[in-house]
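Novice: okay, sequence plus prediction incoming.
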Amino acid sequence: MSKLEISLYRYNPEKDKFPYMKTYNVDKPSRDIMILDLLHLLKESDESISYRRSCREGVCGSDGMSINGKNGLACITPISSVLKGNKIELRPLPGLPVIRDLVVDMSEFYAQYEKIKPFLQNDTTAPEQERLQSPADRDKLDGLYECILCACCSTSCPSFWWNPDKFVGPAALLQAYRFLADTRDLSTDERLEDLSDPFSVYRCHGIMNCVSVCPKSLNPNKAIGEIKSMLLKNKKNIIASERA
Amino acid sequence: MNKRPVNINLLKIKLPLTALLSITHRVSGIIIFFLVLPVSVYALMELSYSQSSYNSITQLFDTNIVFKSFILMLILVFKYHIFTGVRHMLMDFHLISESLASSQRSSVITLILFLIDALLTVWMFI
């Protein structure tokens, strides 16, 4: 039976001064299993291995990690799709502080999400049942609301590596656009104002890392493009109204 | 708390072609700012200063293969920056759709156009 060579990023702050790569050799499973299952196999032999997991079916977004250099969810990434020869390298999501092994501190990521006010803002009196939307308006939210906040996109973005505190990042910007595009949300101008500084949106240079890694096949880059267009239009309106 | 390590090993992170194009666009921009621009301004100054300085520059260009290659390299860097820059602008204006597939396609097309232009430039230089 052929062997798999798995190189795993290890770091235990209580024991290790620096992180290191540890190689594990396991028998290649007879069927194509997911990376997460492979980690379970490893954990049977070495229970000190740490990683996050919850739903194990690509819904909760807990097990984002760098798999052979590309971010993805371990639970829905089959071994066959990433195997290089017989090697697999697993590292924590890039750019975020490592707590232990594959577990990263997501505070900076969530702080950016909080910043874009990810909730519907509408101060008008709510109708008895619900705020209605035309099917066409509802369709505008497709490809935006499905994000599970796994951070695969933001942690693959060099702009986010450089400025995790100032650049909102693809995940949160996708959500920012989700509310900008929502006809029921009435704070469009304030939202745009909050994003108009040189860092929040404009650090995105469209390199598409986010799109290429998103496990839900979403397109933050397109959403960011739409935000940039909205910002431009908003600016033009402001200038026009100042002149009038 | 702040001493937590961060996994950023650029050699271990796979970048798509679109990212490589964007990063090299940046690098070429830096080279233009620090090398192409000063050399061009200096060359223009020398060329327009007097007949003798004009002659010495053109003579250097004709006889010194290293100098000629250097100038060629600067021109290619400048052209690369323009080609990839125009692609970025087309994307900013939503003239190239922002899907991964079309972005990769436009990257390949940009590279092919640049290579054709680069070959023509080299051919003109020889």
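Specialist: All right, it came through fine.
Novice: hey, let's count contacts and neighbours off CA atoms from now on
Specialist: Will do.
Novice: grab the nearest non-local neighbour of the residue sitting nearest the centre point of chain B.
Specialist: Residue closest to the mean C-alpha point of chain B, counted by CA atoms, centre = their mean, is B:Val77 at 2.7 Å. Among residues not flanking B:Val77 along the chain, B:Ser28 sits closest, at 5.8 Å (CA to CA, 6 or more residues apart in numbering or on different chains).
Novice: contact partners of the strand or helix carrying the one you found?
Specialist: B:Ser28 belongs to helix B:17-31 when elements are defined using DSSP states H and E. Applying CA atoms under 8 Å, 6 or more residues apart in numbering or on different chains, the external contacts of helix B:17-31 come out as A:205-209, B:77-78, B:80-81, B:84-85, B:103-104, B:107.
Novice: can you list the weak-confidence ranges in the chain?
Specialist: The chain I'm using is chain A. For chain A, the stretches flagged by pLDDT under 70 are A:1.
Novice: you answered for a different chain; I wanted chain B.
Specialist: Applying pLDDT under 70 to chain B flags residues B:1-2.
Novice: alongside chain A, which residues does it contribute?
Specialist: Residues of chain B lying close to chain A (CA under 8 Å from any CA of the partner chain) are B:4-8, B:12-16, B:18-19, B:21-22, B:88, B:92, B:94, B:98-100.
Novice: one more time with 10 Å
Specialist: Applying CA under 10 Å from any CA of the partner chain, one finds that chain B approaches chain A through B:1-23, B:88, B:91-94, B:97-101, B:103-104.
Novice: what subset of those is buried?
Specialist: Neighbour-count burial (16 or more other CA atoms under 10 Å in any protein chain shown) applied to the residues of chain B next to chain A gives B:4-8, B:13-19, B:21-22, B:88, B:91-92, B:98-100, B:103-104.
Novice: now, those residues that are in helices?
Specialist: Residues from these lying in helices, with DSSP state H as the criterion: B:Leu17, B:Thr18, B:Ala19, B:Leu21, B:Ser22, B:His88, B:Met91, B:Asp92, B:Leu100, B:Ser103, B:Gln104.
Novice: which of those sit farthest apart?
Specialist: Farthest apart among those by CA to CA are B:Leu17 and B:Asp92. That separation is 18.1 Å.
Novice: OK, contacts around B:Phe70?
Specialist: By CA atoms under 10 Å, 6 or more residues apart in numbering or on different chains, B:Phe70 lies in contact with B:Phe61, B:Leu76.
Novice: I should have written A:Pro118 there, sorry.
Specialist: A:Ala172, A:Gln175, A:Ala176, A:Tyr177, A:Arg178, A:Phe179.
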